[in-house]
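# just a sequence and a predicted model for now, questions to come.
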Amino acid sequence: MRKPFLILLSLFLAASVLQAAPKPQLDLPKATLTLGTNSLKAQIAADDASRELGLMSRTNLGADESMVFVFPSPRQVTFWMKDTPLPLSIAYVGRSGMIFEIHDMKPFDETPIPSASSAVIYAIETPLGWFSKHHVMAGSTVEGLPSASSAK
C-alpha cells in the first residue's frame with residue numbers, strides 16, 4: 001500500500017517542479033537599442049504575457065543582448081527575479097528614452113525592485129553590469145525604443 005503512495009507523491013512533485021519554471025521566450029520581436037556608442041539587441045516584451053515571463057528560465061544571454069519591456073502608459077513598475085537564473089541589470093526608462101535609474105538583480109531573488117518614478121514606460125534588462133561596463137548611467141538616453149503599438 002505504501003509503494004503506490006510514494007509513486008504518486010513522486011509524480012506529483014515532479015509535475016510541480018516542471019510547472020514551476022516556464023519555458024524561456026525566444027521568439028519575441030526584436031529591436032536594436034542604441035546607448036551612446038553602444039548597441040543592444042533587444043527582445044521586445046510588449047504585452048502582459050510576454051512582460052510577465054520576461055527572461056524567466058533563460059540560462060544564457062549574449063554580452064550585448066537584452067529584453068526591453070514596453071508598457072502601454074507611464075507608471076511605477078516593479079521587477080523581481082522569479083525563475084530567472086541569470087544575474088541581470090535593469091534600467092527604468094521614460095517615454096523620451098532617458099534612463100531614470102539602474103539596478104542590479106540577483107538570480108532567483110524575489111525581492112521586489114520598484115521604480116522610484118511613476119513615469120516609467122520601458123524597462124531594459126541586460127547581463128549583470130552591462131550598463132556600468134559601457135558607462136551608461138541615470139540620465140543617459142536610449143534610442144531605438146519601440147512604441148507600444150509597433151512592438152506587438
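Happy to help now that I have it.

# what segments of this structure are helices?
2-20, 48-53, 130-133 (DSSP state H).

# check contacts around Leu26.
Applying Cβ atoms under 8 Å, 6 or more residues apart in numbering, we find Leu26 in contact with Gln43. The way it works is simple: take the backbone N, C-alpha and C, and place the C-beta from them, glycine included.

# please repeat the previous calculation with a cut-off of 10 Å.
Gln43, Arg58 (Cβ atoms under 10 Å, 6 or more residues apart in numbering).

# and the closest residue to Thr126 other than its chain neighbours, how many residues sit next to it?
Ranked by Cβ to Cβ, 6 or more residues apart in numbering and with sequence neighbours excluded, the top spatial neighbour of Thr126 is Ser66, at 4.5 Å. By other Cβ atoms under 10 Å, 23 other residues sit near Ser66.

# partners of Ser66 in the sheet?
Ala42 (DSSP bridges).

# contact partners for it?
Taking Cβ under 10 Å, 6+ apart, one finds 31, 33, 39-43, 55, 88-91, 124-127, 130 in contact with Ser66.

# state the pLDDT value of it.
Listed pLDDT for Ser66 reads 98.

# state the distance from it to Pro87.
Counting by Cβ to Cβ, to the nearest Å, the separation of Ser66 from Pro87 is 14 Å.

# joint contacts of those two?
Common neighbours of Ser66 and Pro87, using Cβ under 10 Å, 6+ apart, are Pro127.

# show me the strands in this structure, by range?
30-35, 38-45, 65-75, 78-79, 88-94, 99-105, 113-114, 120-127 (DSSP state E).

# would TSV of those strands with distance to Pro146 be doable?
Converted to TSV, the strands of the chain look like this (distance: least, Cβ to Cβ, whole Å):
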stretch	distance to Pro146
strand 30-35	5
strand 38-45	5
strand 65-75	6
strand 78-79	19
strand 88-94	12
strand 99-105	16
strand 113-114	23
strand 120-127	9
